[in-house]
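The following block contains a protein sequence and its predicted model.
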Amino acid sequence: MHPLSILSSQAYKVFADMGFEIATGPELESDWYNFYVLNFPKDHPALDMQDTFWIKNEKEKVLRTHTTTVTARAFEKAGKESRLPAAFISIGKVFRNEATDITHEMQFFQIDGAMVGENISLADLKGVLTYFYKKMLGDEIEIEFRPSFFPFTEPSLEVFAKFKGKWLEMMGAGMLHPNVLRNIGLDPAKVQGFAFGGGLDRIAMIKWGISDVRLFYQGDLRLNQF
Amino acid sequence: MKISYNWLKWYVPKAPDANKLAGIFNYHLCEVESLEKKPGGDTIFDLKILPNRAHDLLSHQGVAREIASLLDIEYVDPAPKYKIPASIKASTDKSELKIDIQTSLCRRYMGRIIRRIKVGPSPEWVKKHLESIGQRSINNMVDAANLLMFNTGQPAHVFDLDKLAEEGLIVRQAKTGEQITTLDNKEVGIGVKDIIIADSKNVLGVAGIKGGKIAEVDNKTKNIILEVANFDPVSVRKTAQALNIFTDARKRFENDLSPELAAYAMRELSALIFEMCPEAIFENVVDVYPEKQKEKKLSFSANKISKILGLKVSDKEVEDILKRYNFKYNLVVGAPLGAPTTKFTVVILPMRLDLEIEEDMAEEIGRILGYDKLKGKIPKINFEPKVNETYAKISWAKGKLLEEGYSEVMTYTFCDTGEVEVQNSASDKKFLRTNLTDGLKESLKLNQLNAPSLGIDKVKVFEIGTIFKKRGEEMHVAYGDKKEIKEMTLDEYARLDLLQAREKNSPAFALGGIGQGTHGSLNFSLQPSHFKMWSLFPFIVRDIAVFVPEKIKSSEVEKIIGKNMGDKVVHGPELFDEFKKGNQISYAFRLVFQSYNCTLTDAEVNEIMTKITNKIKENNDWQVR
């Protein structure tokens, strides 16, 4: 099996154990779900944060730059079906229009999740992510939060994990911005929740000591060592 | 944003040492991308100022104010120390500087004529400041404007007054076909929606982005106009994107600056030029500010903050923070039925455009207190997860194909031809794949070549992934070997299996069979293991067959080969053939040689094979065929 498949099975299992439902969604997305539902303002420098592949002759289509799109769709549906509180997890391919090197690839896998309810807090996020990284990278893992910015979360955080004595940047996270909740039909006066997202490839590279992200997509079976 | 530690110290003399400060930045403000110790004792931080704080932190004073509040240490306000030049009305024979603003996208424009300045080198401290953050000193006038920007965050511009058609400036939308030669000698065509600074004859600058050559300050300049203005962030961003110009001024304006900053900056810039040219004559500041920035208030409760953070924050802790950050506030205690509730109402400082809603205050208080205060816990929620059909099918299909001996690969979504094309790409592959088969063919070719080093003789691969047609995207399954590749949609694959299962009367894929937690039949080990990178040099395959008496086990032969094959074998010895003939038995082994450092030669490998052969022959009745 491909190492990223192994890892995503493991990750799904860990989140399923914490009561998350798996969600999936399209790779070719509307700019609404990729940006505007997530509170990216039009003509704003925040749009530069993600180098986007826009589709030719289809003005409003993009290759998703994150699977937060899937999270947004899942909660929108859950809200309509009165399935709150809820928790969703998704792992999927995302795309960034940037030059490739050993740590950058135009396509990679993102793990993205969120939990929304009446009292879901950043402390809950810390608990969930600590459990996750301990299961993925070993019991000795510690995690910490540092300040960050994303249009779709407020407060926004960067999640770091201490692996073999070094603090490594793992993912972005925070509390879903009230505008996002409103955009997907939820009432921020009644519910709140955390969201997180980061590269699965990165976890694989750290876990197994794979030095070049591009190895994942060569179709080379010498990669399948685990 | 490059920040000089020594420069910061002007404003926060009690700041902790540079290393400690870096930690404080990382945990309470933003990432320190790099920290460079300079020979003279200065330290330069490269701070990744977050977009929501670009309003106030793209400056030394902004960062210094933040540190002072965060650490509750003194902030030395430089303003009272400025030497304020005596300001005069325009001389009687000349009218006051005229500023004609014709667009609402200019939110404030402060102009000031200064006469009898002397252009020359900057004072040493100005040069030092600028050079510390990698800026080149040009002349005192240009340096003054630059220094102001890196010090306060407010961009400014200096025009040579005598190069203007008249003593007046117009801020307006460009007309069709207008052009400008920028300070760096580039001819730029301006779009009709772009905002420019002009006189009655010429375009003098692109508002908030770049100055023009026409009114450039040079060594002979005697009289100048200072521009300290504020422009609409979206307009600046659109213009700069269209013109493809990146400047420090653009960066600040497109992130939205408070127009209130301009007055403070004009005072500082004037003081700076006064220090450089004590003889100069400063005319009155002309300030066109049609709509004053409104005072913003924000209400929140410590309860709501606590609920968001998952950390009990008291009114007292909140008050302490508000005081340190110089916010005016009041605290109202309401007493509805039940417990009393308290609510803060805060007057937001003009520069803090990021603070708009309660959640913003939660972030503010969370980062100031430090997120290490949060105690993690796993919440229990009343939610019944359902099975995700797509994932269940993928997971099942993977399990089935693995069971049938296929190995999983992932290949690129981008390719040379297709039905869906991306607009811009950092690579030359601009289309999205319409099938998985093409990628698998490449994969098979590659793996066929490496088959010996992988220790497999028949390469069978599969991929499950998305393909893109005009009509939309589809999830496909493709699998095969060098003879044939089969590809179909995931649904077809599941259906096909159902049919086959009916024929064989065996169980097929069923959604119910794959529960939320079971994830198909995929087994994996959670044991830590380490990836071993393969060698990038070619490998050499050698076979050796040995006839031995039939009582000899293959492992005995293998042991001798293993002992003598050296350290260049990446695969083997692998027994791939054995047969009996009379009272003898033949064992055939395969060895794959490969070095991590160089290309192995036939001669080198032959030498090793000879050594193995000789060792084997030392045994009576053993012969190498």
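Cool, the structure landed.

what ranges do the strands span in the stretch 251-400 of chain B?
With DSSP state E, counting those that start in this stretch as the criterion, the stretch 251-400 of chain B has strands at B:281-283, B:286-288, B:296-300, B:328-334, B:341-348.

Next, the angle from the fourth one to strand B:296-300.
So that's strand B:328-334. Angle, strand B:328-334 to strand B:296-300, by axes from the mean of the first three to the mean of the last three Cα atoms, to 10 degrees: 40 degrees.

got a list of contacts for the helix or strand hosting A:Leu129?
Assigned by DSSP states H and E, A:Leu129 belongs to helix A:122-137. Residues outside helix A:122-137 that contact it (Cβ atoms under 8 Å, 6 or more residues apart in numbering or on different chains) are A:7, A:10-11, A:14-15, A:18, A:115, A:141-143, A:145, A:155, A:157, A:159, A:161, A:163, A:170-171, A:173-175, A:194, A:196, A:203, A:206-207, B:308-311, B:366, B:371, B:374-379, B:526. Any C-beta I mention is one placed from the backbone N, CA and C, and that applies to glycine too.

Render the CA-only coordinates of that helix in PDB, please.
Extracted in PDB, the C-alpha atoms of helix A:122-137 (Å, rounded to 0.1, in the frame of the first residue of the first chain):
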ATOM      1  CA  LEU A 122      -9.600  25.700  21.900                       C
ATOM      2  CA  ALA A 123      -8.900  23.500  24.900                       C
ATOM      3  CA  ASP A 124     -10.900  20.700  23.200                       C
ATOM      4  CA  LEU A 125      -8.900  21.300  20.100                       C
ATOM      5  CA  LYS A 126      -5.700  20.800  22.100                       C
ATOM      6  CA  GLY A 127      -7.000  17.600  23.600                       C
ATOM      7  CA  VAL A 128      -8.100  16.200  20.200                       C
ATOM      8  CA  LEU A 129      -4.800  17.100  18.400                       C
ATOM      9  CA  THR A 130      -2.700  15.800  21.300                       C
ATOM     10  CA  TYR A 131      -4.400  12.500  21.100                       C
ATOM     11  CA  PHE A 132      -4.100  12.400  17.300                       C
ATOM     12  CA  TYR A 133      -0.300  13.200  17.200                       C
ATOM     13  CA  LYS A 134       0.400  10.800  20.000                       C
ATOM     14  CA  LYS A 135      -1.300   8.000  18.000                       C
ATOM     15  CA  MET A 136       0.500   9.000  14.700                       C
ATOM     16  CA  LEU A 137       4.000   9.800  15.900                       C
END
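
starting at the chain centroid, how far to that helix?
The chain centre lies 14 Å from the centre of helix A:122-137; the measure is Cα atoms, centre = their mean, to the nearest Å.

in chain A, which spans are strands?
A:21-22, A:28-30, A:61-63, A:86-95, A:107-117, A:142-147, A:153-163, A:166-176, A:192-199 (DSSP state E).

if we compare those, which one ends up closest to B:Ser443?
Smallest distance to B:Ser443 across the strands of chain A (Cβ to Cβ): 15.5 Å, for strand A:107-117.

need the strands of chain A in JSON lines with mean neighbour count, distance to chain B and mean pLDDT, can you?
Converted to JSON lines, the strands of chain A look like this (neighbours: other Cβ atoms under 10 Å in any protein chain shown; distance: least, Cβ to the nearest Cβ, whole Å; pLDDT from 0 to 100):
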{"stretch": "strand A:21-22", "mean neighbour count": "24", "distance to chain B": "4", "mean pLDDT": "96"}
{"stretch": "strand A:28-30", "mean neighbour count": "20", "distance to chain B": "5", "mean pLDDT": "95"}
{"stretch": "strand A:61-63", "mean neighbour count": "24", "distance to chain B": "7", "mean pLDDT": "93"}
{"stretch": "strand A:86-95", "mean neighbour count": "25", "distance to chain B": "5", "mean pLDDT": "96"}
{"stretch": "strand A:107-117", "mean neighbour count": "25", "distance to chain B": "5", "mean pLDDT": "96"}
{"stretch": "strand A:142-147", "mean neighbour count": "20", "distance to chain B": "4", "mean pLDDT": "96"}
{"stretch": "strand A:153-163", "mean neighbour count": "23", "distance to chain B": "3", "mean pLDDT": "96"}
{"stretch": "strand A:166-176", "mean neighbour count": "21", "distance to chain B": "6", "mean pLDDT": "96"}
{"stretch": "strand A:192-199", "mean neighbour count": "24", "distance to chain B": "7", "mean pLDDT": "96"}
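
Where does pLDDT dip in the stretch 451-600 of chain B?
Counting by pLDDT under 70, the stretch 451-600 of chain B contains low-confidence ranges at B:505-528.

Can you check the pLDDT for the residue nearest to B:Asp162 when sequence neighbours are not counted?
Nearest residue to B:Asp162, sequence neighbours excluded (Cβ to Cβ, 6 or more residues apart in numbering or on different chains): B:Asn223, at 5.7 Å. Reported pLDDT at B:Asn223 in the predicted model: 96.
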